[in-house]
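# Kindly generate the corresponding structure for this input.
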Amino acid sequence: MRNLNFLNELNSSQAEAVRTIFGPLLVIAGAGSGKTKTITCRMAYLVAQGVSPDKILLLTFTRKASREMIERAGALLKMDCNKIMGGTFHSLCQYMLRFYGHLLGYKPNFTILDRSDSEDLINLLRNSLGLIDKKRRFPRKDTLANIYSKFVNQQKSLEDILSSEFPQFLDYSTEINKLFFEYNNYKREHQLMDYDDLLLNWLEILKKYPQVRKEVGKKFEFIMVDEYQDTNTLQGEIIKYMVEFHRNVMVVGDDSQSIYSFRGANYRNIFEFPKLFPETKIIKLEQNYRSTQAILNVANAIISNSKIKYTKTLFTLKKEGEKPILFQAKDEAESSHFVADKILELREKGIKLSQIAVLFRSAYHSFDLEVELTKRGVPFVKYGGLKLMEYAHIKDFVSFLKIISNPQDFLAWNRILLLLEGIGPKSTEKIINYLKQNQILIQDALQKLIFQFPFKEFKELVFLLKDLWEKRISLSEKLFKIWKFYKPVFERVYYEDYFKREKDIEGLIALSEKYLTLEEFLTDLILEPLEITDIEKSIKDEEVLTLSTIHSAKGLEWHTVFILSLIEGRFPSFYTLENEEELEEERRLFYVAVTRAREKLFLIVPMTIYIPGEGKTLAKISRFVKEIPPSLIEYYKPNVSVTKVEENGKKFKVGDIIKHPHFGVGEVLEIISSEKIKVFFEEKGITLLHLKYTNLEKLII
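Next up, the predicted model:
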């Protein structure tokens, strides 16, 4: 038996989860409670007990996460564990469909459509069905793609989806149904699958073919799923069928960190799991290894108000630590000055910029701060923007790869042909129609088309494709050949900034060096879109501050975290205020933000904000902040000269905190200036003249 010393490093709950290897197991892992370590040790423990690595399946939400866990499991055992299969649900489904897709009429080389490809196809079909000519506005392509994805992932009827989320389009339900029918037919005819199809088709095969379920059960005898709270309805069903013959499944998640409903995630899956498998054993990981107890006290207070939850209380052995600081600024400019000042102070004290993050609900909340940081010369990187595959030049380049992999991908053909000189929309349509009629002998068809369309770039494209289809060369060599052809086209199309975009293409070619097959490379590109920074020079070890949306920060941690714009309408978002489920998700999002901090946490509340067309408007402190007991946070008191404020003989100074019967529960005001007092009371409908000495008391803290 292999050395199991790594078990000594686990706490009792973690060790129990690792040693429980048979039957269904639900691990409720609080933020920072070492769930990655637990999963890693459990894989190592399984192998140490004699389980063959290729019998283990690990499902995570990024391929990178699964690779790292598998490598760490190997390091614990001092052996190669790379035969453990790891990846995302979508990567698993595409892998299985390469083997079993023929049961639904798919060839192994089907093409995967990314989101914008799906939108383009929907738009093409919308136009061909004449739906764009309606007098009343028919939904746009991106809205239709969104409706379709919700329709598939939530497993509800189209009418239910439209009624609850898109009531303005209910009158079009018949036309939308017809469009989706044509969309699915087109995909099947042309060997295409979108993201949703990967899940849907694999689930259909599992449901229809008991023999496949049996084979899958033998292939993967132990299945582990990370971030189970973020699975959707289809993914929950896939797990049910894949473990039918052995029920050896461990799912790990935290209901308090379910924040991806906009992607179709169904956080109820984690509550339904014990109903699906009545013999489920539930283990809670509550010891936190990341944050101080002062930060955890705030996190526990936030989530205690959640309506549906697995009750747990995070604790740590790190009892020391400062209380989180609440800063109520007069406006966003003062918020930005405060954050920039504190960041520079921290850097002077030896805290690296890379150990500091500023988090926000929406990307635009940081605009004012970005200007201030630029003025101060503070380098930063921002996450939550465009993905690499959303850039036009990358989509062009990848379209060449799609054609090589699947010559029947006529969406890719359409994109490429429209780039070529001499080929317009009508010529493109003629070429594609001819290729559709001659799909079996597509190379011969292209040779004949050269005589009908004798344009230089079209000829060169045909010769390039022939070369790439016939020669056995490495993937990176294929990409170099494509780049050689595409570069003059690229420089013409993106003339104004091609020199900036060129680095992206070069980075993509460098990335391909790691792959043996074109299909694997394409699958990773489409299923796990890279951030634009992923192919630029790594900034991991550079001294840069992180600005990030909270959704993009999940799973990460920093020494110090600032959370911006904690006001009603921003956090929680205005769009969630009337929907209880969405409001609950906003609460969980705040919990995620707070638990990213290890040592220091700053909560930033601008009391006025600028709204275009309305000017400066008074803001209301976020309900989530109001729910935190005042004893758990420290109200920031600026070091400024004393300003006397006198009202009916009662004197106050800057730094005092006052309360009044008209205030909301737990609502207090820190005096920053006499003007702030006036503004705040006027918001409450109280003038200073109306205040009596008996109604106003000074709090000494």
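# Any chance you could list what contacts stretch 480-491?
For stretch 480-491, contacts defined as Cβ atoms under 8 Å, 6 or more residues apart in numbering pick out 393, 396-397, 400-401, 419-420, 457, 460-461, 464, 467-468, 473, 498, 501-502, 505, 509. Using the backbone N, CA and C atoms, a C-beta is placed for each residue, glycine as well.
# Can you list which of those are found in strands?
Among those, no member falls in strands (DSSP state E).
# Restricted to helices, list these.
Residues of the contacts of stretch 480-491 located in helices (DSSP state H): 393, 396-397, 400-401, 457, 460-461, 464, 467-468, 498, 501-502, 505, 509.
# coming back round to it: from the contacts of stretch 480-491, keep the buried residues only.
Neighbour-count burial within those applies to 393, 396-397, 400-401, 419-420, 457, 461, 464, 468, 501-502, 505, 509; the criterion is 16 or more other Cβ atoms under 10 Å.
# remind me which residues of the stretch 601-701 of the chain are low pLDDT?
Judged by pLDDT under 70, the stretch 601-701 of the chain has its weakly predicted residues at 610-615, 637-701.
# Phi first, then psi, for Asp331.
For Asp331, the backbone dihedrals (degrees, to the nearest 10) come out as phi -160, psi -180.
# Can you check the pLDDT for it?
Predicted confidence (pLDDT) for Asp331: 86.
# Report the contact partners of the closest residue in space to it that isn't next to it in sequence.
Leaving aside its sequence neighbours, Asp331 sits nearest to Thr608 (Cβ to Cβ, 6 or more residues apart in numbering; 4.7 Å). Taking Cβ under 8 Å, 6+ apart as the contact definition, Thr608 lies against 330-331, 616-619, 679.
# follow-up on the earlier one: farthest pair within the buried ones among the contacts of stretch 480-491?
Pairwise distances across these (Cβ to Cβ) peak at 22.8 Å, for the pair Leu468 and Arg501.
# Would you map the strands across the stretch 401-550 of the chain?
With strands called from DSSP state E, counting those that start in this stretch, the stretch 401-550 of the chain shows them at 545-549.
# For stretch 183-198, which outside residues touch it?
Contact with stretch 183-198 is made by 90, 93-94, 97, 105-107, 109-115, 117-118, 121-122, 125, 148-149, 152-153, 201, 234, 406, 408-411, 527, as judged by Cβ under 8 Å, 6+ apart.
# 6 Å instead?
90, 93-94, 107, 110-113, 118, 122, 125, 149, 152, 406, 408 (Cβ atoms under 6 Å, 6 or more residues apart in numbering).
# Nearest to Ile604 among these?
Nearest to Ile604 among those, counting by Cβ to Cβ, is Ser149 at 34.2 Å.
# Listing request: residues of the stretch 451-600 of the chain with sub-threshold pLDDT.
Judged by pLDDT under 70, the stretches of the stretch 451-600 of the chain that qualify are 495-500, 514, 528-542.
# if we can go back for a sec, quick one: which of the ones in helices among the contacts of stretch 480-491 is nearest to Val298?
Arg501 (44.1 Å).
# ok, the closest one to Phe397 distance?
Distance, Arg501 to Phe397, by Cβ to Cβ, to the nearest Å: 10 Å.
# picking that back up, out of the contacts of Thr608, who's the most crowded?
Within the contacts of Thr608, neighbour counts (other Cβ atoms under 10 Å) peak at Ala619, which reaches 22 neighbours.
# what are the phi and psi angles of that residue?
phi -110, psi 160.
# can I assume it is in contact with Ile609?
Yes. Between Ala619 and Ile609 a contact is recorded at 5.1 Å, counting by Cβ atoms under 6 Å.
# Identify the single longest strand in this protein, thanks.
The chain, longest strand under DSSP E: strand 597-606.
# Which other helices and strands does it contact?
strand 325-329, helix 332-348, strand 558-563 (3 or more Cβ pairs under 6 Å, 6 or more residues apart in numbering; DSSP states H and E).
# can I get the ones you listed in TSV with mean neighbour count?
Shown next, in TSV, are the helices and strands packed on strand 597-606 (neighbours: other Cβ atoms under 10 Å):
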stretch	mean neighbour count
strand 325-329	21
helix 332-348	18
strand 558-563	23
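# Out of the ones you listed, which is closest to Val358?
Comparing the helices and strands packed on strand 597-606 under Cβ to Cβ, the one sitting nearest is strand 558-563, at 4.6 Å.
# what sits up against that closest one?
Here strand 558-563 makes contact (Cβ under 6 Å, 6+ apart) with 339, 346, 351, 355-359, 593, 596-603.
# got it, and stretch 101-117?
98, 191-194, 201, 205, 389, 402, 406, 409, 411, 526.
# Just the buried positions in it, please.
Across stretch 101-117, burial judged by 16+ other Cβ under 10 Å covers 101, 104, 106, 110-115, 117.
# From these, which land in helices?
Under the assignment DSSP H, the buried residues of stretch 101-117 contribute 115, 117 to helices.
# okay, stretch 459-467 in CSV with CA atoms only?
Provided in CSV are the C-alpha atoms of stretch 459-467 (Å, rounded to 0.1, in the frame of the first residue of the first chain):
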residue,chain,number,x,y,z
LYS,A,459,-7.6,30.4,-55.8
GLU,A,460,-5.0,30.6,-53.1
LEU,A,461,-7.5,29.5,-50.5
VAL,A,462,-8.5,26.4,-52.5
PHE,A,463,-4.8,25.5,-52.9
LEU,A,464,-4.2,26.1,-49.2
LEU,A,465,-7.1,23.8,-48.1
LYS,A,466,-6.0,21.1,-50.5
ASP,A,467,-2.5,21.2,-49.1
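# Contact partners for the closest residue to Ile550 other than its chain neighbours?
Distances taken as Cβ to Cβ, 6+ apart put Ala593 closest to Ile550, at 4.7 Å, once the chain neighbours are dropped. By Cβ under 6 Å, 6+ apart, the residues touching Ala593 are 359, 550, 563.
# Quick one: neighbours of the second one, just the number.
Looking back up the chat, that one is Ile550. Around Ile550 there are 21 residues (other Cβ under 10 Å).
# Might one say that it is in contact with Leu589?
Yes. Between Ile550 and Leu589 a contact is recorded at 5.4 Å, counting by Cβ under 6 Å.
# where does the stretch 51-200 of the chain have low pLDDT?
In the stretch 51-200 of the chain, residues with pLDDT under 70: 133-136.
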